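1. got a predicted model here, sequence first, then my questions.
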Amino acid sequence: MLLSRPGFHASYLGSLPSGALQCYTHPAQLGSAAARDKGRPRGHCHAEQAMAGKEVAVLWLLAVLGWGSGGKVLVWPADNSHWLNMEYILQELVVRGHEVTVLLPSCFLILNSTQPSPFQFEVVDVPITKKEMATLLEEAFYFWFYQERALSVWASLYRIAQLVYKLENVTKIICDEVLKNEALLERLKASTFDVLLADPLAPSGELFAEKLGIPFVYTIRFSVGNTRLCGGLPSPPSYVPASTRGLTDQMSFVERLQNFLFYFYMDLFFLKFWRDEWDGYHLATLMSTASEIWLIRTYWDFEFPRPFLPNFEFVGGLHCQPAKPLPKVFQLYSAIGCSGEHGIVVFSLGSMIYQLTDEKSNLIARALSQLPQKVLWRYKGKKPETLGSNTRIYDWIPQNDLLGHPSTKAFITHGGTNGIYEAIYHGIPMVGIPMFADQHDNIAHMRAKGAAVELDFSTLKTQDLVDALNTVINNSTYKENALRLSKIHHDQPVKPLDRAVFWIEFVMRHKGAKHLRPAAHHLTWYQYHCLDVLAFLFTCTAIGVFILAKCCLFCCRRCGRIAKRKKE
């Protein structure tokens with residue numbers, strides 16, 4: 001019986017080496033070991049490989065010892081940074097004695113199933129190569145970086161629809177390959193999994209859970225439609241800004257109008273175009289009914305006050321941890337910065353941005369060269385000609401450890417959720433240069449909370465970046481606000497990672513969490529908004545007014561006839 005399995009208790013694991021949960025979670029893990037180590041200092045690579053080997057061995061041993069005593073978790077992941085975030089949860093589940101199996105499409109970019117891992121893998125061969133997938137993503141990123149802001153609203157929406165259509169076709173191909181693989185489905189059914197964990201960025205997880213007859217848990221940062229239309233999350237457009245719009249909860253009339261129209265457009269997109277496209281898979285219905293728990297990768301240090309449902313749980317910052325000692329090459333350079341009062345600046349645009357145009361990279365490098373601080377810049381592109389003597393470029397940086405370094409004064413970020421939360425965790429003010437997806441929304445939250453300055457990538461000038469950095473470094477308000485958010489983040493009764501694992505185990509123990517799901521899931525859209533009630537009341541009122549008007553008209557005519565007779 002699952003309730004009595006010792007795998008749900010981790011007291012016997014108290015001696016686990018610190019850092020064991022960090023194996024395979026470096027941001028530079030993008031395939032082979034050689035790819036991960038490219039550009040890193042040789043001594044650091046060897047030391048890190050030795051440590052990673054020990055940590056993997058510990059996790060592998062725990063996985064082997066725990067299998068059979070804990071639960072069984074099936075995972076349908078999304079790619080890139082979404083996987084890196086989910087991996088922390090999976091590693092903790094392994095530590096607690098659960099068996100984790102990842103259902104992995106062969107076109108998955110960031111994870112190599114042939115490397116040692118504490119997880120099992122079921123690789124699904126799909127007729128899409130990694131190169132084709134990377135090309136499609138690069139096309140989407142190029143649009144977001146360089147074209148989206150230059151186009152009109154309707155041209156931008158049309159281009160987005162084209163990209164969504166391409167990505168949707170890829171998703172359907174992957175889904176079809178899983179569904180037609182009867183041997184795989186039978187093997188998964190025979191494994192008797194207790195729960196399926198998925199990211200809605202990769203649709204079909206709910207369909208696989210339905211096929212296997214197991215409960216389902218979402219892990220998600222944002223969605224322009226899923227949380228509201230599928231999760232039933234109340235989202236009044238008057239004060240709940242739509243994701244990706246970069247708005248706050250304090251909106252002007254024009255902003256509320258924009259917010260309302262965007263919600264309306266998303267309703268049409270999801271309920272008409274998207275649902276009709278997936279109707280043959282019964283997927284739209286399942287997305288509204290299947291998920292037991294939604295693990296939201298934010299917290300009140302990030303969110304604006306708004307209504308939430310009991311089956312939505314905050315787990316933002318679950319990957320954050322105290323800073324570890326820096327590798328020697330970073331430690332030596334950081335020491336140069338902390339020898340004076342100026343300190344260092346950490347700069348990263350995330351793992352997805354491999355290179356910029358020469359114009360942009362030189363513009364940024366020129367701005368950084370004007371700073372009194374030392375700058376550590378994660379960048380894999382061509383070395384800018386205007387790179388200053390105060391700036392070092394690396395293929396990879398220990399971002400969390402650098403942000404936790406006492407000399408760090410500011411963080412230049414693209415606004416990814418993982419980086420935002422590492423900055424919150426360590427209380428570092430930010431300069432945000434959002435580019436796509438949720439990044440505008442993330443930076444808008446930090447700007448509204450007084451912990452960041454936002455810049456527009458498409459119109460970025462050298463002086464803009466210099467001024468923004470000087471503002472967040474020299475204006476103590478930004479540091480104070482960042483520290484305030486950090487205190488809020490740390491002041492939680494349960495750590496985010498423990499909360500995420502608890503609710504997954506809760507679903508496993510109770511075979512779901514139906515008692516937490518609101519009745520809204522069983523209502524139609526017009527019932528949810530009481531439009532049928534309003535229509536009934538309007539009809540009754542109209543009938544009443546009509547009868548009253550007829551009575552008045554009848555009385556007036558009768559009185560008129562009586563008066564006429566008297567005159568005659």
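-> Yep, that arrived. Residues are numbered from 1 along each chain as shown.
2. any figure for the gap between the most centrally placed residue in the chain and F262?
-> Nearest to the mean C-alpha position of the chain, by C-alpha atoms, centre = their mean, lies R221 at 3.0 Å. Using C-beta to C-beta, to the nearest Å, R221 is found at 18 Å from F262. Every residue, glycine included, has its C-beta placed from N, CA and C.
3. now do E255
-> In terms of C-beta to C-beta, E255 sits 10 Å off from F262.
4. all strands in this structure, in order from the N-terminus.
-> According to DSSP state E, the chain carries its strands in the segments 72-76, 99-105, 120-124, 195-198, 216-220, 291-296, 312-314, 344-348, 374-378, 391-394, 408-413, 430-432, 452-454.
5. need the contact partners of the last one.
-> By C-beta atoms under 8 Å, 6 or more residues apart in numbering, the surrounding residues in contact with strand 452-454 are 429-434, 443-444, 446-447, 468, 471-472, 478.
6. quick one: strands adjacent to that strand?
-> Here strand 452-454 is paired, per DSSP bridges, with strand 430-432 (parallel).
7. check the offset of the strand it pairs with from the chain's centre.
-> Relative to its parent chain, strand 430-432 has a centroid offset of 18 Å by C-alpha atoms, centre = their mean, to the nearest Å.
8. still on that earlier bit, and the contacts of strand 452-454, which of them are buried?
-> 429-434, 443-444, 446-447, 468, 472, 478 (16 or more other C-beta atoms under 10 Å).
9. domain ranges for the chain?
-> 2-125+194-319+498-522, 328-490, 530-567 (automatic domain parsing).
10. E148 is nearest to which of those domains?
-> Proximity to E148 (C-beta to C-beta) singles out domain 328-490 among these, at 7.5 Å.
11. where in the protein is pLDDT low?
-> Residue ranges of the chain with pLDDT under 70: 1-69, 222-227, 229, 272-290, 331-340, 564, 566-568.
12. for it, which helix is longest?
-> helix 531-567 (DSSP state H).
13. next, give phi and psi for L309.
-> Per-residue torsions, L309: phi -110, psi 160 (degrees, to the nearest 10).
14. ok, V494 - how many residues close by?
-> As a burial measure, V494 scores 10 neighbours (other C-beta atoms under 10 Å).
15. for it, which non-adjacent residue is closest in space?
-> F502 (7.3 Å; C-beta to C-beta, 6 or more residues apart in numbering).
16. so that neighbour sits right up against P496, yeah?
-> No. Using C-beta atoms under 8 Å, F502 makes no contact with P496, being 10.6 Å away.
17. more neighbours: those two, which one.
-> P496 (24 against 14).
18. residue contacts, the more buried one?
-> Neighbours of P496 in contact, by C-beta under 8 Å, 6+ apart: 299, 314-318, 320.
19. again, only using 6 Å
-> 315, 317-318 (C-beta atoms under 6 Å, 6 or more residues apart in numbering).
20. these in helices, which ones?
-> Short answer: those have none in helices (DSSP H).
21. what is the nearest of those to L534?
-> V315 (37.8 Å).
22. surely the closest one and F502 touch.
-> No. Taking contacts as C-beta atoms under 6 Å, V315 lies outside contact range of F502: 9.9 Å.
23. separation between the residue nearest to I89 when sequence neighbours are not counted and F411?
-> Leaving aside its sequence neighbours, I89 sits nearest to A500 (C-beta to C-beta, 6+ apart; 5.2 Å). Using C-beta to C-beta, we find A500 at a distance of 25 Å from F411.
24. and if you look at H82?
-> On the measure of C-beta to C-beta, H82 and F411 end up 21 Å apart.
25. settle it for me: which of these two has more neighbours?
-> F411 (25 against 21).
26. just the CA atoms of stretch 315-324, as PDB, please.
-> What follows is stretch 315-324, C-alpha atoms only, in PDB (Å, rounded to 0.1, in the frame of the first residue of the first chain):
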ATOM      1  CA  VAL A 315       6.800  26.600  -5.700                       C
ATOM      2  CA  GLY A 316       8.800  29.600  -7.100                       C
ATOM      3  CA  GLY A 317      12.500  29.500  -6.400                       C
ATOM      4  CA  LEU A 318      12.600  25.800  -5.700                       C
ATOM      5  CA  HIS A 319      16.000  25.600  -7.500                       C
ATOM      6  CA  CYS A 320      17.600  28.400  -5.400                       C
ATOM      7  CA  GLN A 321      20.300  27.600  -2.900                       C
ATOM      8  CA  PRO A 322      23.000  29.300  -0.800                       C
ATOM      9  CA  ALA A 323      26.100  30.300  -2.800                       C
ATOM     10  CA  LYS A 324      28.900  27.800  -3.000                       C
END
